[in-house]
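A.B. asks: Return a 3D structure for these sequence lines:
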Amino acid sequence: MNRNNKLVALSLTFFAGLPLAEAGPAKDAPREPALHKAVRESLERLPYYGVFDILNYEVKDNGAVELSGFAFRDRLKKEAEDAVSKVDGVKSVENRIEDLEWGVTDDEIRAKVYLAIYRDTFLSRYGTSTDQALANGVGFGRPFGPFGVPGIGNPMFPGFNPAGSYGIHILVSRGEVILVGEVDSEGDRNLAALKARAVFPVKKVFNELSVRGEKPKAAPKAPAPVKRGIVADAETAAF
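C.D. replies: Residues are numbered from 1 along each chain as shown. Model (predicted):
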């Protein structure tokens with residue numbers, strides 16, 4: 001994994017269960033500022049923002065917005081910028097969203113980790129109603145797909161178009177997994193990581209999930225997912 005890039009600073013203050021982080025501690029403001037809310041809602045409405053992406057934003061005093069995070073789908077980066085630039089009151093947009101690497105092995109990991117977490121009886125509530133149906137045994141498509149996992153062969157399987165509100169986001173790059181989001185308890189946090197670590201051929205899991213209502217713990221940052229087309233220079237690695 002490219003260790004020259006730092007993990008984008010992910011604020012884990014979530015609104016309406018969606019992993020869209022806002023700059024500044026929410027507890028200091030009794031009400032979400034109107035411009036912040038409008039930017040957040042514009043990102044929430046993106047049709048293909050889902051479980052394999054993480055989008056974050058910072059609204060500055062001069063009306064400038066800085067977008068960050070990681071996108072699995074090629075067009076999401078541009079779609080996010082376009083959506084935010086149309087919000088009334090936004091003066092400029094700096095787009096620092098990075099594209100995730102992809103490949104057959106990483107796609108296999110995405111599908112398997114997705115199923116391992118969102119077909120779990122306890123963790124499926126962090127997904128959509130479809131995920132909860134899957135957890136209760138409702139299947140999709142043919143019995144086994146190319147990865148030997150139930151339902152993966154069907155293009156309608158939600159893991160291939162995982163839009164919606166997800167509490168646990170799954171970032172994958174070169175066989176390594178970073179879990180990002182917010183859960184209700186330390187038990188759920190640990191269970192999600194356990195599920196991901198049990199998936200073959202996952203090399204390593206970095207658990208960046210936070211627990212709702214708890215002060216984030218100081219911990220080593222996970223390495224940033226690799227950007228497409230970037231070659232690592234080990235001498236300049238820093239975290």
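A.B. asks: From the contact counts, what lies against the longest helix anywhere in the chain?
C.D. replies: As assigned by DSSP state H, the longest helix anywhere in the chain is helix 104-118. Judged by 3 or more C-beta pairs under 8 Å, 6 or more residues apart in numbering; DSSP states H and E, the packing partners of helix 104-118 are helix 129-135, strand 168-173, helix 186-197. From N, CA and C alone the C-beta is placed, and that goes for glycine too.
A.B. asks: Can you tell me which of the ones you listed is nearest to E81?
C.D. replies: E81 lies closest, by C-beta to C-beta, to one member of the helices and strands packed on helix 104-118: strand 168-173, at 19.6 Å.
A.B. asks: And the contacts of stretch 88-95?
C.D. replies: 34-35, 38-39, 62-67, 77, 80-81, 84-85 (C-beta atoms under 8 Å, 6 or more residues apart in numbering).
A.B. asks: Taking those residues, please make a PyMOL selection of just the buried ones.
C.D. replies: Here is the PyMOL command that selects the buried residues among the contacts of stretch 88-95 (16 or more other C-beta atoms under 10 Å):
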select buried, resi 35+38+39+65+66+67+77+80+81+84
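A.B. asks: Of the contacts of stretch 88-95, which pair is most distant in space?
C.D. replies: Most distant of the contacts of stretch 88-95, by C-beta to C-beta, are A34 and K77, 25.5 Å apart.
A.B. asks: Pull the number of nearby residues for I109.
C.D. replies: 25 (other C-beta atoms under 10 Å).
A.B. asks: The residue nearest to it when sequence neighbours are not counted: neighbour count?
C.D. replies: Nearest residue to I109, sequence neighbours excluded (C-beta to C-beta, 6 or more residues apart in numbering): V172, at 5.1 Å. Applying other C-beta under 10 Å, we find 27 residues neighbouring V172.
A.B. asks: again, but for K91
C.D. replies: By the measure other C-beta under 10 Å, the count of residues near K91 is 10.
A.B. asks: cool, R110 as well?
C.D. replies: Neighbour number of R110 under other C-beta under 10 Å is 24.
A.B. asks: Quick check: the residue nearest to I109 vs T105, distance?
C.D. replies: Look at V172 and T105: by C-beta to C-beta, to the nearest Å, they are 9 Å apart.
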